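>>> Give me coordinates for this.
(one chain, ligands or ions: 1)
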Amino acid sequence: MTDARAPTTGKAREKVDARHLRAELLPEQSPELLKTLHLLTREGHLNADARRKLKQVNHLVGLVQPALDDVFSRFPSPVVADVGSGNAYLGFVLYELFFARRDAGEVWSIESRADLVARSTERAQTLGYQRMRFEQAAIDTATLPERVHVLTALHACDTATDDAIVQAVRHKADHVALVPCCQAEVAQQLKDARAAVRPEMLSLFAHPWHRREFGSHLSNVVRALLLESQGYQVTVTELAGWEHSLKNELILGRRVHKENREARARLDQLLAATGVRPKAVRVLLGEAKA
Ligand SMILES: C[S@@+](CC[C@H](N)C(=O)[O-])C[C@H]1O[C@@H](n2cnc3c(N)ncnc32)[C@H](O)[C@@H]1O
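Numbers count the residues shown, from 1 in each chain. Now for the predicted structure:
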């Protein structure tokens, strides 16, 4: 496949007329699919909201392309699982670009909302995308294939990103790509841990606003370290410009070891210093059920 990185020209908040659409699309991406997904109007125009969503999805596709090339080169029938999939835009775009012209491989989309699952199932049937699977389930109890090769979670809210990490580790995903969303759990844990935390740390999150921001940052630092401790080589980067989304941090992981004890030690130190215990930590380190 050609390089799937999204073009970055144009002002993010403007709609795009059908005549200028090509610059917004990935090289082999079809307007027909985007019309079926209602990201394009019937006339082929891209409105401002759909444009922001398409930018996020296409950037992520570009960034996970090396992971897909890797798993297609090593496995006869790779499984991609996109969890907290919403309208499954990411799954549909991945299917069109990487799976449709191959005979093997599956794209799974896990979503808790029945209406979204029903709509996506119908769309996949219309498109003839036979190796897309849709499951209405919470991420932490979803029944995924025993082996998942690439696991993605784009803006899965609060602890849903933790659930995604747990599923990735349990299903031995070779690659993970997470763009966390809003995060409330750790901010609450910071509040509860105030008495136990060293005084010089308290200023970092004494104000509610700082607690929310620091809690969100700390959650993602813990998530990255947890993945490292589970044997992943982790890269943290930006998904797309801030003009496309405020939730913009991308955590990419590639499984290279069985475990990493040095990362586990750093994780333990950080958890002890801050007094937090996010869901993915509780579940993977054996203190709670998934
Ligand atoms: C902000 S939307 C993002 C949807 C999609 N990934 C995207 O970027 O277009 C988050 C979606 O995750 C779903 N969701 C949130 N928590 C979930 C959970 N624990 N299990 C399954 N789905 C969940 C919500 O219903 C919603 O559709």
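>>> Need the distance between the two termini of stretch 78-91.
Using C-alpha to C-alpha, to the nearest Å, the end-to-end distance of stretch 78-91 comes to 14 Å.
>>> Tell me which residue is most central in this protein.
Closest residue to the average C-alpha location of the chain: Ala153 at 2.3 Å, with C-alpha atoms, centre = their mean.
>>> Next, the contact list for it, please.
Ala153 makes contacts with Asp82, Val83, Gly84, Ile139, Ala160, Thr161, Ala164, Ala177, Leu178, Val179, Pro180, as judged by C-beta atoms under 8 Å, 6 or more residues apart in numbering. C-beta: built from backbone N, CA, C; applies to glycine.
>>> Then Gln233?
Gln233 is in contact with Gly253, Arg254, Arg255, Val256, counting by C-beta under 8 Å, 6+ apart.
>>> Quick check: the gap between the residue nearest to Phe75 when sequence neighbours are not counted and the ligand.
Nearest non-adjacent residue to Phe75, counting by C-beta to C-beta, 6 or more residues apart in numbering: His149, 5.9 Å away. From His149 across to the ligand, the span is 19 Å (C-beta to the nearest ligand atom, to the nearest Å).
>>> hang on, His149 packs against Ala168?
No: here His149 lies out of contact with Ala168, judged by C-beta atoms under 8 Å, at a distance of 10.4 Å.
>>> neighbour count winner among those two?
Ala168 (29 against 25; other C-beta atoms under 10 Å).
>>> Secondary structure of that one: a strand, I assume?
No: read with DSSP: H, G, I helix; E, B strand; the rest coil, Ala168 is helix and lies in no strand.
>>> Tell me if I'm right that Gln189 and Val281 touch.
No: counting by C-beta under 8 Å, Gln189 does not reach Val281; the two are 10.5 Å apart.
>>> And the helices in the stretch 1-150 of the chain?
31-36, 48-74, 89-94, 114-127 (DSSP state H, counting those that start in this stretch).
>>> can you pull the buried residues of the second one?
This points to helix 48-74. Neighbour-count burial for helix 48-74, counted by 16 or more other C-beta atoms under 10 Å, picks out 50-61, 63-65, 67-68, 70-72.
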